[in-house]
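1. coordinates only, no sequence provided:
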């Protein structure tokens, strides 16, 4: 058994499985609803295989609050806003109900790309430069913004909605015409938009799991189209994944350490995933931290955990085991 798997093997669930009703919360109303439903179903099936009593709860269900009150632990599988942003976490804390994943503040901060970027810069974490705009602010003329981009970072840039995941609403733009279109696309998801310096390089991601956090092996992401967009993430065979990534040991250690630093610095709990870009000078830049990574058939944390002997069902129990850490 791999050292990481051995360290995480002993679980500390406080109650017997047959005394525990787990509610898997998935679906919701964000643009990532379909991915959330896939994650939730996978988690539900896994917990049932492991012998837990489980019920599936969608925030769109009639009597949502009453259903939540009947469970002992909430396993969160909600992606995007109203699920990954601290909203549901706050509700569960009011109900004194244990839940998986990160707490209110960590969740809200990590999903807010602009605020998380400011925190990383403040803490000296290498991350690409960015601009923040209010997409519908009439005072922010496209010509002025174009000039600011040219002076500060140059094209190409990546335009992102501030609080979306799964690469939804993201555009790689090369000029003012594409910039205008990219901002228009991003602003359909969030009125705050981040314009980030594009760094050409190799893409990596690192999962961090456990009550005593351990970084999983680095995965290199090689999308066929050259840009890791929504389809590249969720359509099979559009992206090649190399795990463990083929990089020299010192660089690997640096990326793993940065991942743990981000997980701990943001106050994450149970599971996170940190995304990187490695430039031509072998400098790793943190792109973002995800507090509720997907658990679908193409998802990256299950892929990394499998590479060290942690099967999907074991991974789900490791995440479940973190659910008692935040209740006061």
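-> Sure thing, it's come through. All values derive from a computational prediction rather than experimental measurement. Residues are numbered from 1 along each chain as shown.

2. from what I see, residue 194 and residue 164 are in contact.
-> No - with contact defined as C-beta atoms under 8 Å, residue 194 does not reach residue 164; the gap is 10.4 Å. C-beta here means a position set from N, CA and C on the backbone, and glycine is covered the same way.

3. shaky segments in the stretch 101-250 of the chain?
-> When residues are selected by pLDDT under 70, those of the stretch 101-250 of the chain lie in 137-140, 165-167, 225-237.

4. burial measure for residue 128, as a count.
-> The burial metric for residue 128, expressed as a neighbour count using other C-beta atoms under 10 Å, is 17.

5. swap that for residue 31, sorry
-> Counted with other C-beta under 10 Å, residues neighbouring residue 31 total 19.

6. which residues are in contact with it?
-> Listed by C-beta atoms under 8 Å, 6 or more residues apart in numbering, the contact partners of residue 31 are 80, 164, 166, 168-169, 189.

7. if we take the residues you listed, which one ends up nearest to residue 105?
-> The nearest member of the contacts of residue 31 to residue 105, counting by C-beta to C-beta, is residue 80 at 17.7 Å.

8. any idea how far the closest one is from residue 29?
-> Shown here: residue 80 relative to residue 29, a distance of 9 Å by C-beta to C-beta, to the nearest Å.

9. what bridges to residue 289?
-> Beta-bridge pairing for residue 289 (DSSP bridges): residue 274.

10. make residue 1 into 37 and carry on from there
-> Got it, first residue is 37 now, which makes that one residue 325.

11. and it, what's its pLDDT?
-> pLDDT recorded at residue 325 is 96.

12. give the residue farthest from the middle of the chain.
-> Among the C-alpha atoms of the chain, the one most distant from their mean position (C-alpha atoms, centre = their mean) is that of residue 179, at 33.4 Å.

13. just checking, what packs against the helix or strand harbouring it?
-> In this structure, residue 179 is located in helix 178-188 according to DSSP states H and E. Of the remaining helices and strands, those touching helix 178-188 by 3 or more C-beta pairs under 8 Å, 6 or more residues apart in numbering; DSSP states H and E are strand 166-170, helix 212-222.

14. and residue 280, which of these is closest to it?
-> Checking these against residue 280 by C-beta to C-beta gives strand 166-170 as the closest, at 29.7 Å.

15. for residue 249, phi and psi?
-> With angles defined as degrees, to the nearest 10, residue 249 shows backbone torsions of phi -60, psi 140.

16. likewise for residue 112?
-> Backbone phi and psi, for residue 112 under degrees, to the nearest 10, turn out to be phi -80, psi 120.

17. ok, it to residue 104 distance?
-> Counting by C-beta to C-beta, the gap from residue 112 to residue 104 is 11 Å.

18. overlap in contacts of these two?
-> Both residue 112 and residue 104 are in contact with residue 61, where contact means C-beta under 8 Å, 6+ apart.

19. more neighbours, the two?
-> Neighbours of residue 112 and residue 104, each counted by other C-beta under 10 Å, are more numerous for residue 112; the result is 29 against 21.

20. tell me who's in contact with the more buried one.
-> Applying C-beta under 8 Å, 6+ apart to residue 112 gives the contacts 61, 119, 124-125, 135-137, 328.

21. bridged to it, which residues?
-> As assigned using DSSP bridges, the partners bridged with residue 112 are residue 61.

22. name the residues that touch stretch 211-218?
-> Outside of stretch 211-218, the residues within contact range by C-beta under 8 Å, 6+ apart are 178-179, 181-182, 185, 191, 193, 195, 207, 209, 231.
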